[in-house]
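In: I'd like to go over a predicted model; first the sequence, then the structure.
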Amino acid sequence: MRLDRFVSETTGMSRKEATKVLQSAEVTIDGVVQKKAALQVPDGAKVMWNNEPLELIGPTYLMMHKPLDCVCANHDSRHRTIFTYVDVPNINKLHTVGRLDLDTTGLLLITDDGQWSHRITSPKQQCLKIYHAWVSEPLIEENISAFAAGLELTGEDKPTAPALLEILNEREALVHVHEGRYHQVRRMFAAIGNNVEKLHREQVGSLTLDADLAPGECRVLTAEEVALF
Ligand code: URA
């Protein structure tokens, strides 16, 4: 990796700032000052900036309990973003794996590994997502077959793929979907004349939200959890 990129990736500074730091003779490789941005950093070399070691960190995989009223975006002028709850050095490189609505809570995955997130969000993979929905109108047995048969969503040509509706009580259900269309769960309930009042994602693939995480908290995934996808 080029030295300017190495400095930028390990400190979070821009490439331009990294170049300035190099020009000020603040960076050494194996004890020797290096100023050339294009220099390749040898494997295993000890890179220091003002006598502090710079170390590349591996890919980041986080699970968050997304709270209400925050958006899954890197910047937003109107709402708090989910990244204001994240405290890691490489925060500018992270993205959310798919999105939850402003008023949806629950399991949200965050990473800087584009291939990993693609494996979860690609329509081809048909990754399972389980949502807990609280609705305004009573749920009835026929809703189960309507979800299983596929629903016509407003403005879309293709009906939804078969989904499992597990009725928990008159106004609560679990919805198992294998797609990720825009506002999918809310629009599915709208298609049967119901209205989602509260929505919470419990599971993605076979990964469930850690019950120890309060809304707004996140934790690093274990290697086993990362390998689920
Ligand atoms: N479906 C929705 O309608 N909203 C979400 O946030 C996720 C799935």
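Out: Great, that's in hand.

In: State the helix or strand in which S145 lies.
Out: helix 141-149 (DSSP states H and E).

In: Following the chain onward from that helix, which element is next?
Out: Next element after helix 141-149 (DSSP H and E): strand 164-169.

In: Sheet-wise, list the partners of that following strand with their directions.
Out: Paired strands of strand 164-169, with direction, are strand 172-177 (antiparallel) (DSSP bridges).

In: How about residues contacting the partner strand?
Out: 128-135, 139, 143, 147, 160-161, 163-168, 184-185, 188, 202 (CB atoms under 8 Å, 6 or more residues apart in numbering). C-beta: built from backbone N, CA, C; applies to glycine.

In: hmm, back to that, which elements pack onto the helix holding S145?
Out: In terms of contacts (3 or more CB pairs under 8 Å, 6 or more residues apart in numbering; DSSP states H and E), helix 141-149 is packed against strand 164-169.

In: Is the ligand within reach of the strand it packs on?
Out: No: figure legend: strand 164-169 not in contact with the ligand (CB under 6 Å from any ligand atom); closest approach 13.6 Å.

In: Could you tell me how far that strand lies from the centre of the chain?
Out: 26 Å (CA atoms, centre = their mean, to the nearest Å).

In: what's the answer for stretch 198-211, then?
Out: Offset of stretch 198-211 from its chain centre (CA atoms, centre = their mean): 13 Å.

In: Then stretch 70-89?
Out: Distance, centroid of stretch 70-89 to centroid of chain: 11 Å (CA atoms, centre = their mean).

In: and what of stretch 175-185?
Out: With CA atoms, centre = their mean, you get 16 Å for stretch 175-185.

In: pLDDT (mean, whole number) over that stretch?
Out: Summarised as a single mean, pLDDT over stretch 175-185 is 96.

In: That stretch and the ligand in contact?
Out: Yes: Stretch 175-185 comes into contact with the ligand (CB under 6 Å from any ligand atom), by way of H183, Q184, V185.

In: So what's the residue count around the spatially closest residue to Q184 that is not a sequence neighbour?
Out: Excluding the flanking residues, the one nearest Q184 by CB to CB, 6 or more residues apart in numbering is V177, at 6.2 Å. By other CB atoms under 10 Å, the residues close to V177 number 22.

In: is V177 in a bridge, and if so with what?
Out: Here V177, judged by DSSP bridges, has bridge partners K129.

In: residue contacts, A73?
Out: T81, I82.

In: Find the helix or strand that it is a member of.
Out: Per DSSP H and E: nothing holds A73, as it lies in no helix or strand.

In: Name the SS class of N92, please.
Out: Secondary structure, DSSP: H, G, I helix; E, B strand; the rest coil: N92 is helix.

In: what sits against it?
Out: Contacts of N92 (CB under 8 Å, 6+ apart): G12, N74.

In: Please repeat the previous calculation with a cut-off of 7 Å.
Out: Residues near N92 by CB atoms under 7 Å, 6 or more residues apart in numbering: G12.

In: Distance check, it against the ligand.
Out: Relative to the ligand, N92 is positioned 24 Å away (CB to the nearest ligand atom, to the nearest Å).
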